[in-house]
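[1] mind folding the following:
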Amino acid sequence: MRKKLVGLYFSALIISILMAVTVCAQGKKELVVKQIQEGPIIDHKHPDISASGNKSGFETGQVVKIKGVYHMFVNEMFGRPHLDMRIAYWTSTDAVTWKREFTVVESVPGRSATNLRSEVWVTAVEFNEEEQAWNIFYVAYRGGDKARGELEGYDYEGRIWRAKSTAAGRDGIAGPYVDMGIVLQPDANSQSWEGQQAIAAFNPYRVGDSWYAFYDGHNHVPKSDWPLGMAKAPRLSGPWTRLPEGQNPIPISAIFNENVEVTELKAGGYLAIFDSFGDQEIGYSLSDDGIHWARERRLKVQSPNNLWADAGDHATRTPLGAIEEEDGSFTVVYTARYTKQGKVFFGLGKCTLAWQ
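    Numbers count the residues shown, from 1 in each chain. This is a model prediction of the structure:
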């Protein structure tokens, strides 16, 4: 027992040292908000919102840029917020004016403990070099089972699905997409910190010849924090395995972050951007090697003279990635809740980040 405790102590010490090295290496870099787009870029008055019957807005997704065109895969809350979900595809040439193209994946109506696809949440878009096709990754949940003491209105046992575009090449990003199977889910390898909601969110990124992905966990009863783990795979298609417990969970945020999106920087290193606490704020973290990450920093993405999102930790929510532009700045589209005439809608905002 003593040897085991000593081993755990040294493992924790090594991880702490590596985290400290990463913090020192990235300490000279800091992001600032360079420009804030006035008001939401998509709100409840957008013509494609009414045409598609989107009643509550958006939450989670990813934007990628190909040949000057921005492609957004995003969850639409077509009915009740965070309950009635579908994955939609939008395009833009400037990340401000957007056009809805079509629905990519529908959920299966009727939340229940036996409906494993009552919600679908897209969290990643990646090009698979081996398949020469785009992949999307999305989470599908079941509802709680009251007979087992679970909360009926909450998400349980998230499963990460991989879907592949049937159109080959980078120009085939519009799809259509077909499901290829589940890449990560609750099983015998689940870790003690993951809780009842895991697997929640999944965003793969390449490090050398391997792939890594952040994934979220959370326990509803008793209510826990929102810890963050990492998984690894030799190929984008898998097989995906969790990093060992002790290294997981990753100590980026003290209490909460969700839906981490990772950008490999052109000058080297990695940027993770995510939903965090704070009024009109998002969080980010930096890494030299894509494996060891610095503690989070936060950015206020709205200003007092351009304030349209509600106040509160969960009002300004999820950045849909950070796109590194030719001038070195980063385009960020994010979701945020606002209230107009007593009605709540989750719109999309935009800002530009730059190195200080």
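
[2] tell me the spacing between the residue most central in space within the chain and G61.
    Central residue of the chain (Cα atoms, centre = their mean): N259, 2.5 Å from the mean position. Distance, N259 to G61, by Cβ to Cβ, to the nearest Å: 9 Å. In short, each C-beta sits where N, CA and C put it, glycine included.

[3] residues shared between the contacts of the two?
    T123, T318 (Cβ atoms under 8 Å, 6 or more residues apart in numbering).

[4] secondary structure element holding S285?
    Applying DSSP states H and E as the criterion places S285 in strand 281-287.

[5] give the rounded mean pLDDT of that strand.
    Confidence for strand 281-287, expressed as mean pLDDT, is 98.

[6] mind giving me the packing neighbours of the helix or strand following that strand?
    Counting by DSSP H and E, the next helix or strand C-terminal to strand 281-287 is strand 297-300. Using 3 or more Cβ pairs under 8 Å, 6 or more residues apart in numbering; DSSP states H and E, the elements in contact with strand 297-300 are strand 31-36, strand 281-287.

[7] one more pass at 6 Å, please.
    strand 281-287 (3 or more Cβ pairs under 6 Å, 6 or more residues apart in numbering; DSSP states H and E).

[8] my guess is the residue nearest to the centre of the chain contacts F202. True?
    No. Using Cβ atoms under 6 Å, N259 makes no contact with F202, being 9.4 Å away.

[9] tally of neighbours for the closest residue to Y89 other than its chain neighbours?
    What sits nearest to Y89 in space, not counting adjacent residues and going by Cβ to Cβ, 6 or more residues apart in numbering, is E101, at 4.7 Å. Residues near E101, counting by other Cβ atoms under 10 Å, number 15.

[10] next one: R298
    Neighbour count of R298, defined by other Cβ under 10 Å: 13.

[11] show me what the residue lying closest to it once chain neighbours are set aside bridges to in the sheet.
    Excluding its sequence neighbours, the residue lying closest to R298 (Cβ to Cβ, 6+ apart) is E281, at 4.6 Å. E281 has these beta-bridge partners by DSSP bridges: K300.

[12] distance of E281 relative to F214?
    For E281 relative to F214 (Cβ to Cβ), the value is 19 Å.

[13] which of those two has more neighbours?
    The residue with more neighbours, out of E281 and F214, is F214; 27 against 17, by other Cβ under 10 Å.

[14] buried stuff in stretch 124-138?
    For stretch 124-138, a neighbour-count test (16 or more other Cβ atoms under 10 Å) marks A124, V125, E126, F127, N128, A133, W134, N135, I136, F137, Y138 as buried.

[15] quick check, distance from that stretch to the centre of its chain.
    Centroid separation for stretch 124-138 versus its chain: 16 Å, with Cα atoms, centre = their mean, to the nearest Å.

[16] mind listing what G143 touches?
    The contact partners of G143, taken as Cβ atoms under 6 Å, 6 or more residues apart in numbering, are R111, S112, A113, S118, E152.

[17] show me what contacts the last one?
    Read it as E152. Counted by Cβ under 6 Å, 6+ apart, E152 has contacts G143, G144, K146.

[18] and what of the first one?
    The neighbourhood of R111, defined by Cβ under 6 Å, 6+ apart, consists of S118, G143.

[19] low-confidence stretches in the stretch 1-150 of the chain?
    The stretch 1-150 of the chain contains residues with pLDDT under 70 at 1-28.

[20] and the strands in it?
    31-36, 58-66, 69-77, 85-92, 99-106, 119-128, 133-143 (DSSP state E, counting those that start in this stretch).

[21] out of those strands, flag the one nearest G321.
    Closest of those to G321 is strand 58-66, at 4.9 Å (criterion: Cβ to Cβ).

[22] now that closest one and strand 85-92, what's the angle there?
    Relative orientation of strand 58-66 versus strand 85-92 (axes from the mean of the first three to the mean of the last three Cα atoms, to 10 degrees): 40 degrees.

[23] pull out the buried residues from strand 58-66.
    F58, E59, T60, G61, Q62, V63, V64.

[24] out of the residues you listed, the closest to T318 would be?
    Distance to T318 across those (Cβ to Cβ) is lowest for T60, with 5.1 Å.
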